[in-house]
Structures are given as C-alpha cells and as structure tokens.
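**Q** Predicted model and sequence follow; I will ask about them next.
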Amino acid sequence: MPTEHSSAATPEQSAERRARQRWMSILAKAEFSDLDTLWNNLPSKPTWTVVRLPEIGMVMARGRAGGTGQRFNLGEVAVTRCAVQLEFGAVGFGYVMGRNRRHAELAAAVDAMLQTPSRRDALERAIIAPLTLRLDEKRLNRSRKAAATKVEFFTMVRGS
C-alpha cells in the first residue's frame, strides 16, 4: 500500500510522463530543418536562460540479436544535450543524436513550453503534430523501399 513517501505515480502523473516521453522522442528524432522552420513560424516565442550549455558526448548504442534476442553493444553514437529555463520558470531538456547544438537547444525550449499547460495545445498543433506526420512519412517511405527489394525464396520439389 502506497505511503506518503512512496514513489508510486498517480494516473495523472503517469499520463503526463508518457506525454512528455512522446514529445521528447519526436523532438529528438525530427530533422533539424523541420524543427527550425516550425520554430521560426511560431507567432510568440519566450526567452530563456541556458542552464546547461549544449554538450556533445557519446553513448553506447545497444542492439538485440534478431531484434528480440540477446543484447549486444552495437557501437558509440554522438549525442548532444542541453537544458534551458524559460522566462516564466519552466525547465526543459533536449537530447538529440548527432552534433547539432541548436537542435538540442530548440528541443529543450519546446520541451519546457510543452510543460506549460496553457501553451501545450497550441504547440502540439504547431510543432509536434507536423513533426509526427513527417516522421510517419519517413517511416512509410523506408518501409516501401524495403518492400520493393524483398525477395521471396521457395523450394521446388523434384520428382525422382
């Protein structure tokens, strides 16, 4: 039974966490040019203070044999991270693959803005929804290319 010192999340906290994980994933996977264009088209943008300057580092990418089997280290990947605090107090974080400092900073700013309930719906429509569509299109195009190169193998049985 949860106590006041328990770390069990309420359903609302769990929903908030899932929503934030979703938008942070979208911001991280988005092409910088798409995010930058959508950001520049926003009618009003808050100012922020950089809490953690964009830093470039390496992380170990892991894979699974056959997609579901035993884990193995695939190799290192460059990652850039940044943290910002908006003028009205919200703190956001940006983690992106690659070395684009501006991408990490914009991702952090958008994360902070999305944590502000009064701004969330407008930002979901202006930034997250278009980025989601672009990512879905990209995924669909990759699937189509893979399907076009699919080879069916079969065995013919010869009579004796």
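**A** Great, that's in hand. Predicted, not measured: the structure shown is a model, and the values here were computed from it. Numbering: from 1, shown residues only.

**Q** Now do the strands for the chain: every range, in order, please.
**A** Along the chain, counting by DSSP state E, strands occupy 48-64, 71-86, 91-97.

**Q** any idea how far residue 102 lies from residue 48?
**A** 13 Å (Cβ to Cβ, to the nearest Å). Bear in mind the C-beta positions are built from the backbone N, C-alpha and C, glycine included.

**Q** neighbour-wise, which of these two wins?
**A** Using other Cβ atoms under 10 Å, the more surrounded residue of residue 102 and residue 48 is residue 48, with 20 against 16.

**Q** where in the protein is pLDDT low?
**A** 1-7, 160 (pLDDT under 70).

**Q** Go again with 50.
**A** Counting by pLDDT under 50, the ranges of the chain that qualify are 1-3.

**Q** check contacts around the most centrally placed residue in the chain.
**A** The structure's the chain has its C-alpha centroid closest to residue 25; by Cα atoms, centre = their mean the separation is 1.7 Å. Listed by Cβ atoms under 8 Å, 6 or more residues apart in numbering, residue 25 has no contact partners.

**Q** where's it relative to residue 18, distance?
**A** Separation of residue 25 from residue 18 (Cβ to Cβ): 11 Å.

**Q** next one: residue 74
**A** According to Cβ to Cβ, residue 74 and residue 18 sit 27 Å apart.

**Q** ok now stretch 53-67, how far from the chain's centre?
**A** Centre-to-centre, stretch 53-67 and its host chain are 14 Å apart (Cα atoms, centre = their mean, to the nearest Å).

**Q** Likewise for stretch 54-72?
**A** In terms of Cα atoms, centre = their mean, the centre of stretch 54-72 is set 16 Å apart from its chain centre.

**Q** Buried residues in that stretch, which are they?
**A** Residues of stretch 54-72 classed as buried: residue 54 (neighbour count, 16 or more other Cβ atoms under 10 Å).
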